[in-house]
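Colleague: next one to model:
(one chain, ligands or ions: 1)
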Amino acid sequence: MAFASPPLSAALRRPPSVLSSAACRRRAAAAADAPANAFWSAIARKFHWETPWPADAPAVAWNFDPTAGPVYAHWWKGGRTNICYNALDVHVAAGRGADVALLFEPNEPADGRARSLTYAELLEEVTAAAAALTAAGVRRGDGVVTYMPMGVELPVVMLAAARIGAVHSVVFGGFSAAALAARLAASGAEVLVTTDGVGRGGKWVGLKAAADEAIALAAADYGHTVVTQLVVRNRSAADGRGGGAEEGAAVPMVAGRDVWWDDALAAAPRAGGEVVWVDAEDPLFCLFTSGSTGAPKGVVHTVGGYMVGAATTFKYSFNYMPGDVYFCTADAGWITGHTYVTYGPLLNGATQVVFEGVPTYPDAGRLWEIVAKYRVNILYTAPTALRSLKRAGDAFVAAHDTSSLKVLGTVGEPINPEAWDWYYSVVGASAATVVDSYWQTETGAHVLAPIPVAGLDLKPGCAQLPHLGIVPVLLDDAGGLVEGEGEGYLAISRPWPSALRTLLGDHERMEATYFARFPGFYLTGDGARRDADGHLWLTGRIDDVLNVSGHRLGTAEVEAAIVGVPGVAEAAVVGVPHPVTGEALYAYVVLMPGVEGNDALRAAITAGLRARIGPIARVETLHWVGGRGLPKTRSGKILRRLLRLIAMGGGGGDLGDTSTLADPSVLDELLQTS
Ligand code: WT7
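Modeller: All right, here's what the predicted structure looks like:
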């Protein structure tokens, strides 16, 4: 039942060879690390450590050069702590138990489910939840998968898992049963926590049925058994309010496997909820995200470094001050909800709004209504939400008092200057600071952000400055440093506490993906430009990762889902600019001989994508490709640059260098059919 940790520990346990040049390089690096060690350790000491890390050990030991040995970064290894204890118990013990931790705002504005939890109450719930997980057999190092909507219970389960040293893997509630099955199997988790369903906008979305299907698929396709399924009862169902036709329908429970959450909590012996002290380098969670190729990657973060990174970036990026009310619209199914809902704010003892619904329900004034209701000071949301709310019109903002706002955060994709201006001048009435935060699932916490201090001139659309302790570099094709003004691959040259440690079960893939191309550097996968002031502007992904509404999708997984539809021979997907979602999917589909590209096939492809991935994988444009097929090189590589140009209207007739094409006539055919 152990969470598959061997690749991590095996890579890290290998002893350094004392005489190698790698060891010499490492010794020189250690000297260069001294200021960072001192800086980060001073911050780390502000947390509770049950056992301090060895006094003579540096804060960090690391290697980013796969040619010199396994890639790793350890922070405060040997120290024992617990992130849940630091997020909850510490505040209660310091007399802040009556402070409000969570303000829950339900999908339906007035269905009576709004509630607030103090730190003492949240600790109570998390302790009971931890006891229930223990009673279900979960132990230190074991995986726990959640498939839940955003609400109070999701952070509760995450914190409960962390409390007993278990490793959570949150699967976004919008993913399909097939996607959940793959993640269940990869995580090795025998316990799944789900929910009967949730009201989202005007609809009721049932989750238990998909979870049941996923458990069956995990058994059939991967031979993986989920032993216990804990089911949170969403109160809107119990009350019969706020949903559609399916709501209130009986949820079938499988005897011996399925247990209602409340019953599990009530039955568990409380002693099972006690804190389990873990090593700083124990895994805290695994979150699956899309890469440019292959199956989604399980990004593994560890306890100590992630704790320090999440807490520090939350505090400084948002200029958080005690008493501030914070509201992040992200779902904890994504990294933003992990770091900036579950962990960062609670580690700081902050008060935050947790929102179950969507920004446009009942109308496009919902976020502003919430801001006014709770006097929110710090808002953190995504450019795609801002663009759709801007379209709805300024009157929705004007109808509510948003004057409490002082910091306006944005994340997920480059923010276009129009959306930035609207956020700044309309939402913030030109009196709040816009913080464009650039980071990734892999970085765990903010990497670039204009930390809102006096004297920094903000630039719309620019993530601007490296965060504390981050050393970003721009590299050219040959791996040379781009100094001064210029453009290049954005990489990071030194370790930072919240960096990913490995990819679940595949440390080699981690080295190959992020470190092999430019040994010695963590490669982000994004391009960036440095301006004359030294500020950094993101220019987009340099790989085949797509970003739709701030959500990552890999071309390979989308293509695999399309090719799985009968009648489809081949598919190639590219991203094209979209006014609301940032990027939209444009799919080239090559049909089997005799198959016709019609509405029925289009519907089958849409259904196939929903089933394999989920509703977020929506193709905006389908391009049926004729007999000549896709533009490929002689070695069979698809020329995506050309597909992108054609999708965007043909590049004004200039497709650039097409000399590597095996058959240049495919282009004429594609241009004619576009
Ligand atoms: C990718 C990471 C990290 C939170 C949500 C997404 C893009 C993210 C920005 C920004 C320009 C951004 C990058 C990055 N991205 N924030 N402020 N400006 N691009 O996490 O799913 O891991 O995606 O999102 O391309 O690599 P993720």
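Colleague: for stretch 440-460, list every residue counted as buried.
Modeller: Neighbour counts using 16 or more other Cβ atoms under 10 Å place 440-452, 459 of stretch 440-460 among the buried residues. In this view, the C-beta of every residue, glycine as well, is placed from N, C-alpha and C.
Colleague: that stretch near the ligand anywhere?
Modeller: Yes - remark: stretch 440-460 sits within contact range of the ligand at 440-441, by Cβ under 6 Å from any ligand atom.
Colleague: what about that stretch, average pLDDT?
Modeller: Averaged over stretch 440-460, pLDDT sits at 89.
Colleague: so how far does it reach from one end to the other?
Modeller: Counting by Cα to Cα, to the nearest Å, you get 20 Å between the two ends of stretch 440-460.
Colleague: name the nearest residue to residue 633, ignoring sequence neighbours.
Modeller: Closest residue to residue 633 apart from its sequence neighbours, by Cβ to Cβ, 6 or more residues apart in numbering: residue 660 at 4.9 Å.
Colleague: hmm, back to that, save the buried residues of stretch 440-460 as CSV, and put in secondary structure too.
Modeller: Below are these laid out as CSV (DSSP: H, G, I helix; E, B strand; the rest coil):
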residue, secondary structure
440, coil
441, coil
442, coil
443, coil
444, coil
445, coil
446, coil
447, coil
448, strand
449, coil
450, coil
451, coil
452, coil
459, coil
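Colleague: pick out whichever of those sits closest to residue 178.
Modeller: residue 441 (20.8 Å; Cβ to Cβ).
Colleague: the closest one reaches residue 299, doesn't it?
Modeller: Yes - using Cβ atoms under 8 Å, residue 441 is in contact with residue 299, at 5.0 Å.
Colleague: need the residues touching each of these two.
Modeller: Shared contacts of residue 441 and residue 299, defined by Cβ atoms under 8 Å, 6 or more residues apart in numbering, comprise 287, 289, 335, 500.
Colleague: which of those residues fall in helices?
Modeller: When these are checked against helices (DSSP state H), the matches are residue 335.
Colleague: report the buried residues of stretch 625-640.
Modeller: By 16+ other Cβ under 10 Å, the buried positions in stretch 625-640 come out as 625, 629-632, 638-640.
Colleague: what sits up against it?
Modeller: Outside stretch 625-640, the residues that touch it by Cβ under 8 Å, 6+ apart are 544, 555, 570, 572, 574, 588-591, 642-643, 658, 660-663, 665-667, 669-670, 673.
Colleague: just the ones of these in strands?
Modeller: Counting by DSSP state E, the part of the contacts of stretch 625-640 found in strands is 570, 572, 574, 588-591.
Colleague: quick one, what contacts residue 500?
Modeller: Contact partners of residue 500, counting by Cβ under 8 Å, 6+ apart, are 299-301, 441-444, 510, 514.
Colleague: okay, now the nearest residue to residue 411 once chain neighbours are set aside: neighbour count?
Modeller: Excluding the flanking residues, the one nearest residue 411 by Cβ to Cβ, 6+ apart is residue 437, at 4.8 Å. By the criterion of other Cβ atoms under 10 Å, residue 437 has 23 neighbours.
Colleague: still on that earlier bit, kindly reformat the buried residues of stretch 625-640 as JSON lines containing pLDDT.
Modeller: Output for the buried residues of stretch 625-640, formatted as JSON lines (pLDDT from 0 to 100):
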{"residue": "625", "pLDDT": "93"}
{"residue": "629", "pLDDT": "90"}
{"residue": "630", "pLDDT": "92"}
{"residue": "631", "pLDDT": "92"}
{"residue": "632", "pLDDT": "90"}
{"residue": "638", "pLDDT": "89"}
{"residue": "639", "pLDDT": "89"}
{"residue": "640", "pLDDT": "89"}
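Colleague: put together TSV for those residues, with secondary structure and distance to residue 217 on each row.
Modeller: Output for the buried residues of stretch 625-640, formatted as TSV (DSSP: H, G, I helix; E, B strand; the rest coil; distance: Cβ to Cβ, whole Å):
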residue	secondary structure	distance to residue 217
625	strand	31
629	coil	33
630	coil	31
631	coil	36
632	strand	34
638	strand	30
639	coil	35
640	helix	31
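Colleague: just the closest of those to the ligand, please.
Modeller: Closest to the ligand out of those is residue 640 (16.5 Å), distances taken as Cβ to the nearest ligand atom.
Colleague: give the bridge partners for the residue in the stretch 51-200 of the chain positioned nearest to the ligand, please.
Modeller: In the stretch 51-200 of the chain, no residue comes nearer to the ligand than residue 172, which is 10.6 Å away by Cβ to the nearest ligand atom. Beta-bridge pairing for residue 172 (DSSP bridges): residue 148.
Colleague: per-residue confidence for it?
Modeller: According to the prediction, residue 172 has pLDDT 97.
Colleague: one more: the one 10 residues further on?
Modeller: Residue 182 is assigned a pLDDT of 96 by the prediction.
Colleague: how about it, secondary structure?
Modeller: Under three-state DSSP, residue 182 comes out as helix.
Colleague: contacts only, for it.
Modeller: By Cβ under 8 Å, 6+ apart, residue 182 lies in contact with 222, 295-296.
Colleague: top of the residues you listed by neighbour count?
Modeller: When neighbours are counted by other Cβ under 10 Å, residue 296 leads the contacts of residue 182 with 23 neighbours.
Colleague: skip the chain neighbours and tell me the closest residue to it.
Modeller: Using Cβ to Cβ, 6+ apart, the closest residue to residue 296 is residue 288 (4.3 Å).
Colleague: ok, back up a step: report the separation between the residue nearest to residue 633 and residue 631.
Modeller: According to Cβ to Cβ, to the nearest Å, residue 660 and residue 631 sit 9 Å apart.
Colleague: quick one: is stretch 483-494 near the ligand?
Modeller: No - shown here: stretch 483-494 not in contact with the ligand (Cβ under 6 Å from any ligand atom), separated by at least 8.6 Å.
Colleague: quick check, pLDDT for the closest residue in space to residue 543 that isn't next to it in sequence.
Modeller: Computed as Cβ to Cβ, 6+ apart, the closest residue to residue 543 that is not its neighbour in sequence is residue 292, at 4.1 Å. For residue 292, the pLDDT comes out at 76.
Colleague: so what's residue 292 up against?
Modeller: 525, 543-545, 554-556.
Colleague: could you say which helix or strand holds it?
Modeller: Residue 292 is part of no helix or strand, with elements assigned from DSSP states H and E.
Colleague: quick thing: my sequence starts at 26, can you match it?
Modeller: Shifting the count to begin at 26 puts that one at residue 317.
Colleague: what parts of the chain come near the ligand?
Modeller: Residues of the chain lying close to the ligand (Cβ under 6 Å from any ligand atom) are 314, 360-361, 436-439, 461-466, 488, 549-551, 563, 566, 572, 575, 577.
Colleague: nearest to the ligand: which residue in the stretch 576-699 of the chain?
Modeller: Closest to the ligand within the stretch 576-699 of the chain is residue 577: 3.7 Å, counting by Cβ to the nearest ligand atom.
Colleague: the strand or helix carrying that residue pairs with which strands, and in what direction?
Modeller: In this assignment (DSSP H and E), residue 577 forms part of strand 576-579. If you go by DSSP bridges, strand 576-579 pairs up with strand 570-573 (antiparallel).
Colleague: list of residues touching the strand it pairs with?
Modeller: Contact with strand 570-573 is made by 315-317, 437-438, 550, 566, 577-580, 583, 598-600, 603, 606-610, 641, 643, as judged by Cβ under 8 Å, 6+ apart.
Colleague: mind listing what's buried along it?
Modeller: Here strand 570-573 shows 570-573 as buried, counting by 16+ other Cβ under 10 Å.
Colleague: what of stretch 88-102?
Modeller: In stretch 88-102, counting by 16+ other Cβ under 10 Å, buried: 88-91, 93-102.
Colleague: distance between it and the chain's centre?
Modeller: Put simply, stretch 88-102 sits 24 Å off its chain's centre (Cα atoms, centre = their mean, to the nearest Å).
Colleague: hang on, the earlier thing: among the contacts of residue 207, find the lowest-pLDDT one for me.
Modeller: Least confident by pLDDT among the contacts of residue 207: that is residue 320, with 82.
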